[in-house]
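**Q** coords please:
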Amino acid sequence: MNSSKDSICIHCTVFGKVQGVFFRVSTREQALRLNIRGHAKNLNNGNVEVIACGELRAVEQLKKWLQQGPKNSQVKDVVCEALDIQQTMNYQLNNFKIL
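**A** Just a heads-up that it's a prediction; the model follows:
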């Protein structure tokens with residue numbers, strides 16, 4: 001992980017109709033386009049977890065996109081929190097994965 005001041009990591013939970021609508025695949029496409037590392041994972045409660053690390057501007061763009069999602073999704077809310085470098089060590093963040 002680049003420790004540059006303009007690089008950040010966030011943990012987001014996306015609420016709504018976000019499973020079974022290619023949300024994770026679409027998130028990965030957006031993340032790769034923005035050069036963001038992390039993952040998208042379905043949660044047992046029907047939500048999607050997104051870990052995103054990259055340049056501040058790119059992560060903000062992905063965060064904005066998460067609020068819309070792909071065309072068949074119905075995003076009700078997105079809750080994000082910043083992660084520090086130590087927290088991201090638990091993740092293998094050399095690309096963007098679908099878990």
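
**Q** helix or strand right after the worst-scoring helix or strand of the chain on mean pLDDT?
**A** In the chain, the helix or strand scored least confidently by mean pLDDT, DSSP states H and E is helix 85-88, which has a mean of 64. Sequence order places strand 96-98 as the next helix or strand after helix 85-88, per DSSP states H and E.

**Q** the helices in this structure, which residues?
**A** Counting by DSSP state H, one finds helices in the chain at the ranges 23-33, 56-66, 85-88.

**Q** in JSON lines, list the ones you listed along with mean neighbour count.
**A** (Glycine included, C-beta is placed from N, CA and C.) Conversion of those to JSON lines gives the following (neighbours: other Cβ atoms under 10 Å):
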{"stretch": "helix 23-33", "mean neighbour count": "19"}
{"stretch": "helix 56-66", "mean neighbour count": "17"}
{"stretch": "helix 85-88", "mean neighbour count": "12"}
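
**Q** closest one to Gly46 among the ones you listed?
**A** helix 23-33 (11.0 Å; Cβ to Cβ).

**Q** got the angle between that closest one and helix 56-66?
**A** 160 degrees (axes from the mean of the first three to the mean of the last three Cα atoms, to 10 degrees).

**Q** can you give the contact residues for helix 23-33?
**A** 14, 36-38, 40-42, 48, 50, 52, 54, 62, 65-66, 69-70, 73, 95-98 (Cβ atoms under 8 Å, 6 or more residues apart in numbering).

**Q** just the buried residues of the residues you listed.
**A** Taking 16 or more other Cβ atoms under 10 Å as the criterion, what is buried in the contacts of helix 23-33 is 14, 36-38, 40, 42, 48, 50, 52, 54, 62, 65-66, 69-70, 73, 96-97.

**Q** contacts only, for the spatially most central residue of the chain.
**A** Closest to where the C-alpha atoms of the chain average out (Cα atoms, centre = their mean) is Val50, at 3.3 Å. If you count contacts by Cβ under 8 Å, 6+ apart, Val50 has them with 10-14, 27, 38-41, 62, 66.
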